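Student: everything below, folded, please.
(one chain, ligands or ions: 2)
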Amino acid sequence: MDDSRSTVCKLEPHKKVEDLLHPPLHSFSTYRMLAIKRAAFQVSAKAETFSAIAKARQIKFSRCLSVQAHPRSADSDRSTIIKLLSSIGSKKEVEQYLRQFSSVDSQKFAVIKVGGACIADPTERNLLANQLSFLNQVGLYPIVIHGAGPQLNKLLEEAGVEPQYEGGIRITDKKTLEVARKVFLEENLKLVEALESMGTRARPIPNGVFRGEYLDKDLYQYVGKITSVDKAAIESSIRAGALPILTSLAETPSGQILNVNADVAAGELARAIQPMKIIYLNDKGGLLNGTTGEKISVINLDEEWDALTKEPWFKFGTRLKIKEIKDLLETLPRSSSVAIISTGDLQKELFTDSGAGTLIRLGNKLCTWKTQEELPANLGEILAERTPNSGTIFAALDAAPSFTSYGDEGLEVFAAVAPPTSSAPSKLLAFTPSKTGWLNNVADNVWSLIRKNHESLVWFVEESDENCAWWFGKSEGSYVKDGKVMFWYGVRGESVGELIGQFERGELKV
Ligand SMILES: Nc1ncnc2c1ncn2[C@@H]1O[C@H](COP(=O)(O)OP(=O)(O)O)[C@@H](O)[C@H]1O
Ligand SMILES: CC(=O)N[C@@H](CCC(=O)OP(=O)(O)O)C(=O)O
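Tutor: Ligands and ions are numbered 1, 2, ... in the order given. As a prediction, this is how the structure comes out:
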């Protein structure tokens, strides 16, 4: 299960966790292209494989279709599917996810929001149709809702109309609404036709799902605020064995069509459906940090929202999208998450532990414990399972005259800091994330909390530590002696020399 994640945790010096979550572009895209090519070939070209999969769908997912089959052939067809999917993840992972996805009602598998940019180009559209076809071949019915923002902008610009937005929402006058309605319908039919041409049944649902009212008629004109979601057309489509393909248009009780931002509509849809997976596809394959250009791998909203809102690039559509996702996650079970990925990463996101793109979650609730007595009762057990050094950690806590501990409710990360002395800054006594803690950024969140509470800190890490690169990234200086690295931040001027002197003379308990 955790194969891919353990590789991720083996950090090479001077590489950041994000680099490892997202392997270098060339290898990543080569890998992705191979997966895509393989999937494309297997889904669309190989007729015999196609029918084997279709047969398997009827067998394994007989709740969707009425055909029952002989158990022996079910086994072999199932293994064909798993073999196909194994090109993207381990067989065990794929099997587990397939089992999980097929354990719920068909409509509760996934809501997939497709950015207009992902269907504007025929090649991209066919790639999406291919990916969706494959999912359908294994008996899954993702509910697709798409936008058409770039297409609409192009048409408006050709007509000499300058698109106008307020807070990421398009100001939609009567003329714009006319064009929007036309574009939405055209784009919807193009995707439906691409699916149908691959033998996948799909149903266009350009409106009738979202009921709405004017959001703010004076400001936005023909823009809707969704008041309710009518699932009838979606359910009917799935019952008939067709993928439901929705636009984000809404309708007032009197039948007036209104334009709704597709990210907002997707959020409302996911709130109504409560699916296992909520995926937003965009052409960047995730959310980019607008300053560094790097893809953000995980956002823990509870801890990171405030800082995000201060980022200069966090505005317009990006802000609207993430705010919408935040509002959505706040109404769903805490374990829910939303992934923003590229079309090519759909299967990787669905069937592997490592996922893809940007994962957005509320995140783990962080905690602070001031004394030994306050520490969670199961801490010893958890640390003993996580690290062979748990005895050393508890000995250090016992020996410290006082300390503050940090972590999260689920103890994916546990850390402890001793206060400063007259001759040395605060000292990190423990920092022990689980693999999940590393991968889901809880380690980063706990670190930020420590940073907020301690203006200077010193800590020691074995040079061979697999997370050395991460520690380098968090420090302002380091010094190596006998295979041990001393890191620090907030220590300046002469104090650095004093600290190194103490380390050299063995005066610091490391
Ligand atoms: N921080 C960002 N991360 C990703 N895309 C961004 C960012 N800032 C601006 N963009 C641009 O915004 C465009 C629309 O992105 P997005 O809001 O995800 O589109 P959609 O809602 O249509 O999927 C992208 O094509 C990209 O060029
Ligand atoms: C009111 C409003 O902003 N509507 C959006 C709907 C389309 C959309 O959101 O498309 P993307 O997902 O491709 O951005 C618009 O007119 O652009």
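Student: for residue 209, see how far away the closest residue to ligand 1 within the stretch 301-450 of the chain is.
Tutor: With C-beta to the nearest ligand atom, the shortest gap between the stretch 301-450 of the chain and ligand 1 falls at residue 317, namely 4.0 Å. (C-beta placed from N, C-alpha, C; glycine too.) With distances taken as C-beta to C-beta, to the nearest Å, residue 317 is found 22 Å from residue 209.
Student: when these two are compared, which one has more neighbours?
Tutor: Legend: neighbour count by other C-beta atoms under 10 Å for residue 317 and residue 209, higher for residue 209 (27 against 17).
Student: could I get the pLDDT score of that one?
Tutor: Here the pLDDT value assigned to residue 209 is 98.
Student: then the one 5 residues further on?
Tutor: Listed pLDDT for residue 214 reads 98.
Student: quickly list what it is bridged to.
Tutor: Beta-bridge partners of residue 214, counted by DSSP bridges, are residue 224.
Student: try residue 280
Tutor: Beta-bridge pairing for residue 280 (DSSP bridges): residue 113, residue 340.
Student: my guess is it meets residue 115, correct?
Tutor: Yes - between residue 280 and residue 115 a contact is recorded at 7.3 Å, counting by C-beta atoms under 8 Å.
Student: quick check: the residue in the stretch 51-200 of the chain that ligand 1 sits nearest to vs ligand 2, distance?
Tutor: Proximity of the stretch 51-200 of the chain to ligand 1 (C-beta to the nearest ligand atom) peaks at residue 115, 2.1 Å away. Applying C-beta to the nearest ligand atom, to the nearest Å, the value for residue 115 to ligand 2 is 4 Å.
Student: surely that residue is in contact with residue 147?
Tutor: Yes - the pair residue 115 / residue 147 is scored as a contact, 5.5 Å apart, by C-beta under 8 Å.
Student: got any residues that touch both of the two?
Tutor: residue 262 (C-beta atoms under 8 Å, 6 or more residues apart in numbering).
Student: and residue 492, which of the three is it?
Tutor: For residue 492, the secondary structure call by DSSP: H, G, I helix; E, B strand; the rest coil comes out as coil.
Student: give the contact list for it.
Tutor: Neighbour list for residue 492: empty [criterion: C-beta under 8 Å, 6+ apart].
Student: and residue 198, how many neighbours does it have?
Tutor: 20.
Student: for it, phi and psi?
Tutor: With angles defined as degrees, to the nearest 10, residue 198 sits at phi -100, psi 10.
Student: excluding chain neighbours, what is closest to it?
Tutor: Among residues not flanking residue 198 along the chain, residue 133 sits closest, at 4.6 Å (C-beta to C-beta, 6 or more residues apart in numbering).
Student: how close does residue 107 get to residue 243?
Tutor: Taken as C-beta to C-beta, the span from residue 107 to residue 243 is 11 Å.
Student: so which of these two has more stuff around it?
Tutor: A side-by-side neighbour count of residue 107 and residue 243, using other C-beta under 10 Å, places residue 243 first with 25 against 20.
Student: hang on, the more buried one packs against residue 202?
Tutor: Yes - using C-beta under 8 Å, residue 243 is in contact with residue 202, at 4.4 Å.
Student: shared neighbours, the two?
Tutor: 132, 195.
Student: hmm, stretch 288-304 in reach of ligand 1?
Tutor: Yes - on the criterion C-beta under 6 Å from any ligand atom, stretch 288-304 is in touch with ligand 1 at 288, 290.
Student: how about that stretch as PDB, C-alpha atoms only?
Tutor: Coordinates of the C-alpha atoms in stretch 288-304 are reproduced here as PDB (Å, rounded to 0.1, in the frame of the first residue of the first chain):
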ATOM      1  CA  LEU A 288       0.700  26.800  -8.500                       C
ATOM      2  CA  ASN A 289       2.400  29.100  -6.100                       C
ATOM      3  CA  GLY A 290       2.300  32.200  -8.200                       C
ATOM      4  CA  THR A 291       5.500  33.500  -6.800                       C
ATOM      5  CA  THR A 292       7.700  30.500  -7.200                       C
ATOM      6  CA  GLY A 293       5.800  28.800 -10.000                       C
ATOM      7  CA  GLU A 294       6.000  25.600  -8.100                       C
ATOM      8  CA  LYS A 295       3.000  23.300  -7.800                       C
ATOM      9  CA  ILE A 296       1.600  23.100  -4.300                       C
ATOM     10  CA  SER A 297       1.300  19.500  -3.300                       C
ATOM     11  CA  VAL A 298      -0.900  19.700  -0.200                       C
ATOM     12  CA  ILE A 299      -2.900  22.500   1.400                       C
ATOM     13  CA  ASN A 300      -4.100  22.000   5.000                       C
ATOM     14  CA  LEU A 301      -6.700  24.800   5.100                       C
ATOM     15  CA  ASP A 302      -7.100  25.100   8.800                       C
ATOM     16  CA  GLU A 303      -3.500  26.000   9.200                       C
ATOM     17  CA  GLU A 304      -2.700  27.600   5.900                       C
END
